[in-house]
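# I need the structure of the sequence given here:
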Amino acid sequence: MRDGAVLEMHGIYKTFPGVKALQNVDFTLRRSEIHALMGENGAGKSTLIKVLTGVHIKDGGDIFISGHDKPVQIHSPQEAQKLGISTVYQEISLCPNLSVAENIFLERSQGLFVNWKNVNRQAQELLDSLGIAVDATQQLGSCSIAVQQMVAIARAVDMDCSVLILDEPTSSLDESEVEKLFVLMRKLKKDGVGIIFVTHFLDQVYEVCDRITVLRDGQLVGEYEIESLPRVQLVSKMLGKELDDMADIKGETSDKPVRRGSPVYEGRGLCSSEGISPFDFKIYSGEVNGFTGLLGSGRSECVRTIFGADKVTGGDVMMDGQPVKITSPREAMKNGIAYLPEDRKRDGIVGDLSVKDNIILAMQVKQGFFKPISKAKAVEYANEYIRLLDIKTASVNTPIKSLSGGNQQKCILARWLLTHPKYLILDEPTRGIDVGTKVDIQKLVLKLASEGMSITFISSETDEMLRTCSRLLVMRDRKLVGELKGDQLTQTAVMNTIAGGEKNAKK
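Numbering: from 1, shown residues only. Purely as a prediction, here's the structure:
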């Protein structure tokens, strides 16, 4: 092992049916280091962490741990823990009904009788040594999420942890809570712990980390010292777009004049329970605009706020120049807004229902379940949109779960088009579908816009956004940080805005 390394992973391979999740990946963590593991969705970050913690068994490669002469075999999280590898996940896996002290020593008490006075004292000493300001006897569920995260870290550290994995620990924290967590992370770093920090927040990476390892499509892009990797270069490596080689693509709609007048939808100071900063947003008739940014930047949270799918905590809304209240999906639908969600499996299709029943679902909700759509009318609607969108299905009564992903996506799109919306929100409508279907959906979006529909389009593929949108709103760390249109719609401009510009990069 290299001098100072507490963990080395060499040539790691992991394959699932039809997917090469990790291909010859190397990773090194040093003592007293905070090391960011970065990459977009599907890059292999989670798989690498699960291999390291014994959740998945690697198919190839070696793992070395400081203090062991030979490569170690990790077959379970318990084995990882014995090797000094601890993980604190985004979703806290402690018991909120127990005290802080009980959670710290959970499953570690021996014998039938526990000296709670000693347990509470030892827990308090540990908390004080780590600078965590909480009473060890306090019920964990009464603490803030940030404190619960730090208690989980304290538990991990007290179990002789030399490698601490923090998987999206800041996703539910506000700025002050994040800073408290960073204070603890810096203290652990000073004490010799090596920390793997998995996050999508660029600002946080550059504030607290020493090194960055970037993965893309299951392969290692590289390991970099934080000072040598400006933010815009990090973004380009995550997305797989080298700045010198990128072809700037003009959106097909960029030269088309958008009808003006009152915006079809205008929101001011919009915010929700999901932690995005208050933002302003408007869209005009016949316009295709989009939210762009890295995964976790807040783009989906913005459109869920617009649709009322998340709890709306503030802001004012105007439609066609008139004030309206939209705090639930049903209110949004009544005002002519439709929303195709990012996760079609979880939020979109109802797998056991037929193609026909999935297509008419939104229309039925809109008009109320006390006014059921007749069977004949439902068949008529389904057949109309099966023809319009060229949905490949044996019949209208085929269970939707038996269709391909692309045809499922077309069914959900048909569901919303059937409601004849004036404003359509499409969140990742082409994810996981074949190239031909992607092109069909892009062409349909432009056709609907030419007929006067307002459309917000979100895609992880920047090229697709540039081909489809005439205006892009750029998100970073759940904040709206820029707006691009016309000649500004280029790969370079998008990436620079996501990164915050070269002037903000640590060099």
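
# in the helix or strand containing residue 207, what's buried?
Here residue 207 is covered by helix 202-208, with elements defined by DSSP states H and E. By neighbour count on 16 or more other Cβ atoms under 10 Å, the buried set for helix 202-208 is 202-206, 208. Any C-beta I mention is one placed from the backbone N, CA and C, and that applies to glycine too.

# ok, of the residues you listed, which one's closest to residue 192?
residue 208 (16.7 Å; Cβ to Cβ).

# residues touching the nearest residue to residue 79 once chain neighbours are set aside, list them.
Nearest residue to residue 79, sequence neighbours excluded (Cβ to Cβ, 6 or more residues apart in numbering): residue 54, at 5.3 Å. If a contact means Cβ atoms under 8 Å, 6 or more residues apart in numbering, then residue 54 has 74-80 as its contacts.

# among those residues, which ones are buried?
Among the contacts of residue 54, the ones that count as buried by 16+ other Cβ under 10 Å are 74, 80.

# among the contacts of residue 54, which are in helices?
Counted as lying in helices by DSSP state H, out of the contacts of residue 54, are 77-80.

# Make JSON lines from the buried residues of helix 202-208 and add pLDDT and distance to residue 471 to it.
JSON lines is the format used below for the buried residues of helix 202-208 (pLDDT from 0 to 100; distance: Cβ to Cβ, whole Å):
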{"residue": "202", "pLDDT": "82", "distance to residue 471": "23"}
{"residue": "203", "pLDDT": "82", "distance to residue 471": "25"}
{"residue": "204", "pLDDT": "88", "distance to residue 471": "28"}
{"residue": "205", "pLDDT": "92", "distance to residue 471": "28"}
{"residue": "206", "pLDDT": "92", "distance to residue 471": "28"}
{"residue": "208", "pLDDT": "95", "distance to residue 471": "34"}
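
# okay if I get those as JSON lines plus distance to residue 8?
Converted to JSON lines, the buried residues of helix 202-208 look like this (distance: Cβ to Cβ, whole Å):
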{"residue": "202", "distance to residue 8": "27"}
{"residue": "203", "distance to residue 8": "29"}
{"residue": "204", "distance to residue 8": "25"}
{"residue": "205", "distance to residue 8": "22"}
{"residue": "206", "distance to residue 8": "25"}
{"residue": "208", "distance to residue 8": "23"}
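
# Does residue 169 touch residue 181 like I think?
Yes - Residue 169 lies in contact with residue 181 (Cβ atoms under 8 Å); the separation is 6.4 Å.

# so what sits against both of those two?
With Cβ under 8 Å, 6+ apart as the test, residue 169 and residue 181 both reach residue 149.

# Out of those two, name the residue with the larger neighbour count.
More crowded of residue 169 and residue 181, by other Cβ atoms under 10 Å: residue 169, with 25 against 20.

# Surely that one is in a helix?
No - counting by DSSP: H, G, I helix; E, B strand; the rest coil, residue 169 is not found in a helix; it is coil.

# got the contact list for it?
88, 90, 149, 153, 181, 197, 199.

# Show the buried residues in those residues.
For the contacts of residue 169, buried by 16+ other Cβ under 10 Å: 88, 149, 153, 181, 197, 199.

# picking up where we left off before, go through the buried residues of helix 202-208 and say which is closest to residue 426.
Among the buried residues of helix 202-208, and counting by Cβ to Cβ, the member closest to residue 426 is residue 202, at 25.6 Å.

# give the contact list for the closest one.
With Cβ under 8 Å, 6+ apart, residue 202 has these contacts: 231, 234-235, 294, 476-477, 498-500.

# Spatially, which two of these are the most separated?
The two members of the contacts of residue 202 with the most space between them (Cβ to Cβ) are 234 and 477, at 13.5 Å.

# who has more neighbours, these two?
Ranked by neighbour count (other Cβ under 10 Å), residue 234 and residue 477 place residue 234 first, with 25 against 21.

# Check whether the more buried one really touches residue 214, as I assumed.
Yes - between residue 234 and residue 214 a contact is recorded at 7.1 Å, counting by Cβ under 8 Å.

# Quick check: neighbours shared by the two?
Contacts common to residue 234 and residue 214, judged by Cβ under 8 Å, 6+ apart, are 38, 224.

# returning to that earlier point: which of the buried ones among the contacts of residue 169 fall in strands?
88, 197 (DSSP state E).

# export the buried ones among the contacts of residue 169 to JSON lines and tack on pLDDT and distance to residue 2?
JSON lines is the format used below for the buried ones among the contacts of residue 169 (pLDDT from 0 to 100; distance: Cβ to Cβ, whole Å):
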{"residue": "88", "pLDDT": "84", "distance to residue 2": "26"}
{"residue": "149", "pLDDT": "81", "distance to residue 2": "30"}
{"residue": "153", "pLDDT": "84", "distance to residue 2": "26"}
{"residue": "181", "pLDDT": "85", "distance to residue 2": "28"}
{"residue": "197", "pLDDT": "95", "distance to residue 2": "20"}
{"residue": "199", "pLDDT": "85", "distance to residue 2": "25"}
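
# The residue nearest to residue 79 should be in a strand, yeah?
No - secondary structure assignment places residue 54 outside any strand; it is coil (three-state DSSP).

# List phi and psi for residue 312.
The phi/psi pair for residue 312 (degrees, to the nearest 10) reads phi -80, psi 120.

# Now for it: which residues touch it?
For residue 312, the contact set (Cβ under 8 Å, 6+ apart) comprises 270-272, 305, 326-327.

# Compare these and tell me which is most surrounded.
The most crowded member of the contacts of residue 312 is residue 305, carrying 28 neighbours; neighbours defined as other Cβ under 10 Å.

# any weak-confidence spans in this protein?
41-42, 90-92, 107-113, 171-172, 174, 241-261, 343-347, 405, 432-437, 501-507 (pLDDT under 70).

# Kindly recompute the last result at 50.
Applying pLDDT under 50 to the chain picks out residues 244-257, 502-507.

# Now the residue sitting nearest the centre point of the chain. Nearest residue, chain neighbours left out?
Ranked by distance to the mean C-alpha position of the chain (Cα atoms, centre = their mean), the top residue is residue 296 at 3.8 Å. In space, and not counting its chain neighbours, residue 296 is closest to residue 200: 2.9 Å by Cβ to Cβ, 6+ apart.

# re the thing from before, of the buried residues of helix 202-208, which is the nearest to residue 277?
Taking Cβ to Cβ as the measure, residue 277 lies nearest residue 203 of the buried residues of helix 202-208, at 12.5 Å.

# Leaving out chain neighbours, which residue sits closest to the closest one?
Nearest residue to residue 203, sequence neighbours excluded (Cβ to Cβ, 6+ apart): residue 477, at 5.3 Å.

# Confirm for me that that neighbour is in contact with residue 201.
Yes - the pair residue 477 / residue 201 is scored as a contact, 4.9 Å apart, by Cβ under 8 Å.

# Are we agreed that residue 62 is in a helix?
No - counting by three-state DSSP, residue 62 is not part of a helix but strand.

# re earlier: wait, what's in contact with the residue nearest to residue 296?
168, 171, 294-297.
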